[in-house]
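Participant: Mind looking at a prediction? Sequence and model below.
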Amino acid sequence: MACIKAISIFSPPPLSMCENILTNSGLQFFFGNIDITKIAKSVGVNQRYVATENQTAADMACEAANKLFEEWNVDRKSIDFIIFSTQSSDYFLPASSCVLQHRLGISTTAGAFDYGLGCSGYTYGLAMAKSFIDSGLARNVLLLTGDTISKYLHPEDKNRILFGDSATATLISNEGLAEIGETVYGTDGSGAEAIIVKNGGSRHLARTGHEEKDGADNVRRDDYFYMNGEQVFNFTIDRVPQLIDDTLSKNNVKKEHIDYYVFHQANKFMLNTIRKVCSITKDKFYINIENTGNTTSSTIPIALKHCLDENKIQKGQQVMIAGFGVGLSWAATVLKF
């Protein structure tokens, strides 16, 4: 039986102590006559953490992991596998997880690898960790998430209102806070260009400076992060209701027996639409990205940690988690607390 045993998150200092927390009023400078307040109200974000110039996703993941070891009294030498969900690797090679093994003082007998998923990354990671535990391949898996999306956003991209940088660490073992259920997956690569950084990889190595407007009058810049918001919204509303039904079926759970839903915190408007389409009551549905923004693969573990700290999730409850986004990909499971 594989369980989430501990969760810690990289938490930047309070606003008064940290110049890297970007508020909406701070963003207004970059967008001239565009009303940032109106957009921010719709997406539900008031501030977000922005990594420093020399701070990487691996740096933040290292902070989160060290915090987990300290907060939960975990012996780092007990870790026998590291999995890192990131789209912001320090290098093309080696994998950041290998570097983190050394930085964190984890045994050289531990396995380690990165995988490049965003919004569904945490749910995929839990499923992989579960398979390692259940098969006997590992006993204590350290699942890390982290991205510095701010480094890929053009200064004039309105998505700067939505996204924040963050990292988390989760320990998966054979006992703990919540048993990990069966996972439902999905992939549709035909929508790959809906969320993409086109240039910089092996297919388009050189920066070109090319930009053009898409059908929704957004500027698509090939050297930077691009998201077709309308396409992503339609994909989510189309896929998530069936994902919920399939996950309930695979875990042999009825909808009325799910106590809480913690989904990828994409944005407030999208989440509220999902909730209404899926007929989920407000008291069972978590939405809170006000002070963090959309942190890609870190949104679900951040939300779970906040729910546990605030006693929104209690022992004996069943919680459905679901991630959906870049790929396009999606995944969901049920956690039994």
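Facilitator: Done, it's in.
Participant: could you list every residue that touches the closest residue in space to Met227 that isn't next to it in sequence?
Facilitator: Nearest non-adjacent residue to Met227, counting by CB to CB, 6 or more residues apart in numbering: Ile195, 4.9 Å away. Any C-beta I mention is one placed from the backbone N, CA and C, and that applies to glycine too. The contact partners of Ile195, taken as CB atoms under 8 Å, 6 or more residues apart in numbering, are Gly118, Phe225, Tyr226, Met227, Asn228, Val232, Gly325, Val326, Gly327, Leu328.
Participant: Equivalent analysis for Gly125, please.
Facilitator: Ile83, Ser85, Tyr115, Leu143, Thr145, Thr170, Ser297.
Participant: so which pair among the residues you listed is furthest apart in space?
Facilitator: Distance extremes for those: the farthest pair is Tyr115 and Thr170 at 14.5 Å, using CB to CB.
Participant: The two: who's more crowded?
Facilitator: Thr170 (28 against 16; other CB atoms under 10 Å).
Participant: ok, now which ones touch Arg239?
Facilitator: Here Arg239 is in contact with Gly186, Phe324, Trp330 (CB under 8 Å, 6+ apart).
Participant: quick revisit: state the distance from the residue nearest to Met227 to His210.
Facilitator: Distance, Ile195 to His210, by CB to CB, to the nearest Å: 18 Å.
Participant: what's the pLDDT at the residue positioned nearest the centre of the chain?
Facilitator: Among the residues of the chain, the one closest to the centroid is Ser297, at 1.6 Å (CA atoms, centre = their mean). Predicted confidence (pLDDT) for Ser297: 97.
Participant: What's the separation between it and Leu205?
Facilitator: From Ser297 to Leu205 the distance is 25 Å (CB to CB).
Participant: Tyr152 and Tyr226 touch, don't they?
Facilitator: No: Tyr152 is beyond contact range of Tyr226, at 9.4 Å (criterion: CB atoms under 8 Å).
Participant: joint contacts of these two?
Facilitator: With CB under 8 Å, 6+ apart, Tyr152 and Tyr226 have common neighbours Val197.
Participant: higher neighbour count, these two?
Facilitator: Tyr226 (23 against 18).
Participant: My read is that the more buried one contacts Ala192, right?
Facilitator: No: in this structure Tyr226 lies outside contact range of Ala192 using CB under 8 Å: 11.4 Å.
Participant: re earlier: just checking, which of the contacts of Ile195 belong to strands?
Facilitator: Judged by DSSP state E, strands contain the following of the contacts of Ile195: Phe225, Tyr226, Met227, Gly325.
Participant: which ones are touching the second one?
Facilitator: Neighbour list for Tyr226: Glu193, Ile195, Ile196, Val197, Lys198, Asn218, Arg220 [criterion: CB under 8 Å, 6+ apart].
Participant: I would like a PyMOL command selecting only the buried ones among these, please.
Facilitator: Here is the PyMOL command that selects the buried residues among the contacts of Tyr226 (16 or more other CB atoms under 10 Å):
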select buried, resi 195+196+197+198+218+220
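Participant: just curious, which of the contacts of Tyr226 is nearest to Glu256?
Facilitator: For those, the nearest to Glu256 is Ile195 (33.8 Å; CB to CB).
Participant: Quick one: low-confidence residue ranges for this structure.
Facilitator: 12-19, 28-29, 32, 215-217 (pLDDT under 70).
Participant: What's the local residue count around Gly105?
Facilitator: Counted with other CB under 10 Å, the neighbours of Gly105 add up to 11.
Participant: so it makes contact with Arg76?
Facilitator: Yes: look at Gly105 against Arg76 with CB under 8 Å: they come within range, at 5.4 Å.
Participant: you'd agree Ile7 is up against Leu308?
Facilitator: Yes: using CB under 8 Å, Ile7 is in contact with Leu308, at 7.3 Å.
Participant: okay, these two: which has more neighbours?
Facilitator: Higher neighbour count among Ile7 and Leu308: Ile7, with 25 against 16, using other CB under 10 Å.
Participant: quick one: contacts for that one?
Facilitator: Ile7 neighbours (CB under 8 Å, 6+ apart): Leu68, Thr168, Ala169, Thr170, Leu171, Leu177, Pro301, Leu304, Lys305, Leu308.
Participant: One more pass at 10 Å, please.
Facilitator: Neighbour list for Ile7: 64, 68, 71-72, 143, 168-171, 176-178, 300-302, 304-306, 308-309 [criterion: CB atoms under 10 Å, 6 or more residues apart in numbering].
Participant: Tell me the secondary structure at it.
Facilitator: strand (DSSP: H, G, I helix; E, B strand; the rest coil).
Participant: Across the sheet, point out what pairs with it.
Facilitator: As for beta bridges, Ile7 partners with Thr170 under DSSP bridges.
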